[in-house]
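Student: Sequence and predicted structure, then a few things I'm wondering about:
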Amino acid sequence: MLQVTADRPWPLFDVARTREIEREAAAALPSHTLMQRAGLATARLALAVAPHANTVWVACGPGNNGGDGFEAAAHLRQWGKSVVLTLAGDPARLPPDAAAAWRKCQAAGLAASAEPPATWDVCIDALLGIGNVRALQGELAQLVQTINAGPGTVLAVDVPSGLAADSGTGESARATHTLSLLTLKPGLFTASGRDRSGRVWFDDLGVPSQDERASAWLAGPPPVAERLHASHKGSYGDVAAVGGAAGMSGAAVLAASAALHAGAGRVYLCPLAPIGAAPIAGLPELMVRDVAGLPLETLNIACGCGGGSEVRGVLPEILRRAKSLVLDADALNAIAAEPALQHGLRRRSERGPPTVLTPHPLEAARLLGCTTAEVQADRLRSATSLGERFGCVVLLKGSGSVIAAPGQLPRINPTGNARLATGGTGDVLAGLVAALLAAGADPMSAAAAAAYRHGSAADHWPEGSALTAGALARAL
Ligand SMILES: NC(=O)C1=CN([C@@H]2O[C@H](COP(=O)(O)OP(=O)(O)OC[C@H]3O[C@@H](n4cnc5c(N)ncnc54)[C@H](OP(=O)(O)O)[C@@H]3O)[C@@H](O)[C@H]2O)[C@@H](O)CC1
Ligand SMILES: Nc1ncnc2c1ncn2[C@@H]1O[C@H](COP(=O)(O)OP(=O)(O)O)[C@@H](O)[C@H]1O
Ligand SMILES: [K+]
């Protein structure tokens, strides 16, 4: 069993792939073996995360997730814990593996209690796993509420009950720990998944991982970019931050500052309205230029940060000529609103120069012509669709940012936290992606590395010190 940490990449498997792997593994093993291993792993983890627990409530559901709970309950009881087991469902209708585990509990003298205990030290949430197919209702919904209102540690078996394993959506149990079995599920790491899963653990149940069948990846740290001793500023490329319409100059300055601090060779700031000295005080390295006069073919451009409606005017040339391009905020809104710009973006993608879109969910919804809720209902699918629609890399921001591109498996970024939910951090991300493109990274790697570094800076932010976008840019 391993704790899932951000220091390496992890393959993720959606429900369809997990079911295939489960079927194949079960066929090659004696009956009930996988569930026995799942129950033992669950009981061991319960003991490890709450060694002094006395009362353990094992809340079992009507399917095989409940079966894992029965197996775990039998072990914990044998190890001297006071176990209260509840079953939401009809014992006569349990699937075969769970029915076998149920009989084992009964043989050990462990009967189902009609009610949860009055109080408990640990709850093992074995109500629903990957078989969760609809919104929780009735008894299961009530039990999830009881779990969430209760004290102490909650260990979710496979996924927090109610959470959709593929998308991380749905009202669900709120676990302090989740033990993902056989495969790691993408929904644990995006949308509501991070909040609902707590610390995530993985047990392969003795079935070797089949990385080539992954449906997505949880990204690991980017390789450390080595700077050759005999390099010069031209080796790290030129970035231009284009944006900053009247009243929004700060956004473009943040992108430029991020590019500068991330190591770009030279950084131009191209405001779309006159800019005073104040916004760039403390950044003497920046060169302030009108975008119209710059050799766009040599520039890695972060475009749109605070661009207002003015950005529309410069976009056609930028789409046509920029060496590499990050499209953010108002550039994305302009493209969403104007078919000619959409055509320009597709034409650019067909020609092949690197392009990365960095929408937050509302911007993604505008580009896809749907609602934010629809984007969030399946973030992996939404990012992939957007990448396919425009033929480029998409970094869909938010908890568990998703990086997708046509023909590639999507990646979920494991770093970052809600301290990033403050104005301007998206502009910093756009500038960082542009700096990595300028240094020569391919667009998928640049987007994934930028999301990782941006989130990691927030994860290592000193307690008690304010995380502002300006400070984040300087910390890159
Ligand atoms: N078999 C094996 O080898 C292994 C299996 N493993 C374990 O099995 C788990 C998958 O088991 P599973 O397929 O039985 O699905 P599970 O999550 O228990 O739910 C199905 C039941 O819930 C019901 N139901 C669904 N949604 C509902 C809702 N919203 N509200 C109410 N009811 C709802 C659904 O009812 P139905 O839709 O059929 O009416 C059905 O009765 C997996 O996550 C892992 O923990 C591991 O041990 C590895 C080895
Ligand atoms: N809860 C969170 N967990 C991880 N990252 C987050 C969270 N909230 C916000 N972020 C990150 O902060 C940044 C916010 O970007 P954006 O929404 O464009 O804001 P702005 O336009 O103010 O710059 C994105 O990189 C997003 O992924
Ligand atoms: K569960």
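Tutor: Ah, there it is. Ligands and ions are numbered 1, 2, ... in the order given.

Student: any idea of the mean pLDDT in stretch 370-377?
Tutor: In this model, stretch 370-377 carries a mean pLDDT of 98.

Student: typo on my end, stretch 186-193
Tutor: The pLDDT scores in stretch 186-193 average 98.

Student: Ok, stretch 107-124 next?
Tutor: Here the average pLDDT along stretch 107-124 is 96.

Student: For ligand 2, what's its nearest residue on this protein.
Tutor: Closest approach of the chain to ligand 2 (Cβ to the nearest ligand atom) occurs at residue 426, with a separation of 2.1 Å. For every residue, glycine as well, the C-beta is placed using N, CA and C.

Student: Check which residues of the helix or strand that residue falls within are buried.
Tutor: Using DSSP states H and E, residue 426 maps to helix 425-438. Using 16 or more other Cβ atoms under 10 Å as the test for burial, helix 425-438 gives 425-438.

Student: Stretch 45-55 now?
Tutor: 45, 46, 47, 49, 50, 53, 55.

Student: of these, closest to ligand 1?
Tutor: residue 45 (13.4 Å).

Student: thought that closest one was touching residue 200?
Tutor: No: judged on Cβ atoms under 8 Å, residue 45 makes no contact with residue 200 at a distance of 11.2 Å.

Student: Dump stretch 121-139 to CSV, keeping only the CA atoms.
Tutor: Once non-C-alpha atoms are left out, stretch 121-139 reads as follows in CSV (Å, rounded to 0.1, in the frame of the first residue of the first chain):
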residue,chain,number,x,y,z
ASP,A,121,-13.6,6.7,16.6
VAL,A,122,-13.3,5.6,13.0
CYS,A,123,-15.9,5.1,10.3
ILE,A,124,-15.1,2.9,7.4
ASP,A,125,-17.2,4.1,4.5
ALA,A,126,-18.0,1.1,2.4
LEU,A,127,-21.4,2.2,1.1
LEU,A,128,-20.7,2.8,-2.6
GLY,A,129,-17.6,2.5,-4.8
ILE,A,130,-17.2,2.6,-8.5
GLY,A,131,-20.8,1.2,-8.9
ASN,A,132,-22.3,4.5,-7.9
VAL,A,133,-24.4,5.5,-10.9
ARG,A,134,-26.9,8.1,-9.8
ALA,A,135,-27.4,10.9,-7.2
LEU,A,136,-27.6,9.5,-3.7
GLN,A,137,-31.1,9.1,-2.3
GLY,A,138,-33.0,7.6,0.6
GLU,A,139,-31.1,5.5,3.1
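
Student: farthest-separated two in the buried residues of stretch 45-55?
Tutor: 45 and 55 (17.2 Å; Cβ to Cβ).

Student: which stretches of the stretch 1-150 of the chain form strands?
Tutor: In the stretch 1-150 of the chain, the segments counted as strands under DSSP state E, counting those that start in this stretch are 2-3, 10-12, 55-60, 82-87, 122-126.

Student: residues of the fourth one that come out buried?
Tutor: Think strand 82-87. For strand 82-87, the neighbour count (16+ other Cβ under 10 Å) marks 83, 84, 85, 86, 87 as buried.

Student: The closest residue to ligand 3 within the stretch 301-450 of the chain and residue 195, how far apart?
Tutor: Taking Cβ to the ion as the measure, the point where the stretch 301-450 of the chain comes nearest ligand 3 is residue 400, at 19.3 Å. Using Cβ to Cβ, to the nearest Å, residue 400 is found at 10 Å from residue 195.

Student: So these two - more neighbours on which side?
Tutor: Taking neighbours as other Cβ atoms under 10 Å, residue 400 and residue 195 compare with residue 400 leading, 25 against 15.

Student: Now do the SS call for that one.
Tutor: At residue 400 the chain is in coil, as set by DSSP: H, G, I helix; E, B strand; the rest coil.

Student: what sits against it?
Tutor: Contacts for residue 400 (Cβ atoms under 8 Å, 6 or more residues apart in numbering) come out as 168, 189, 190, 191, 193, 194, 379, 412, 413, 414.

Student: swap in residue 34?
Tutor: Residues near residue 34 by Cβ under 8 Å, 6+ apart: 22, 25, 26, 97, 182, 205, 207.

Student: Could you find the closest non-adjacent residue to the third one?
Tutor: Spatial nearest neighbour of residue 26, chain neighbours left out: residue 34 (5.7 Å); criterion: Cβ to Cβ, 6 or more residues apart in numbering.

Student: Name the residues of the stretch 351-476 of the chain found near ligand 2, please.
Tutor: Residues of the stretch 351-476 of the chain found near ligand 2 (Cβ under 6 Å from any ligand atom) are 360, 397-399, 401, 416-418, 420-421, 423-427, 429, 454-455.

Student: Make a ChimeraX selection of the buried ones in those.
Tutor: Buried subset of these, written as a ChimeraX selection, criterion 16+ other Cβ under 10 Å:
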select :360,397,398,399,401,416,420,424,425,426,427,429,454,455
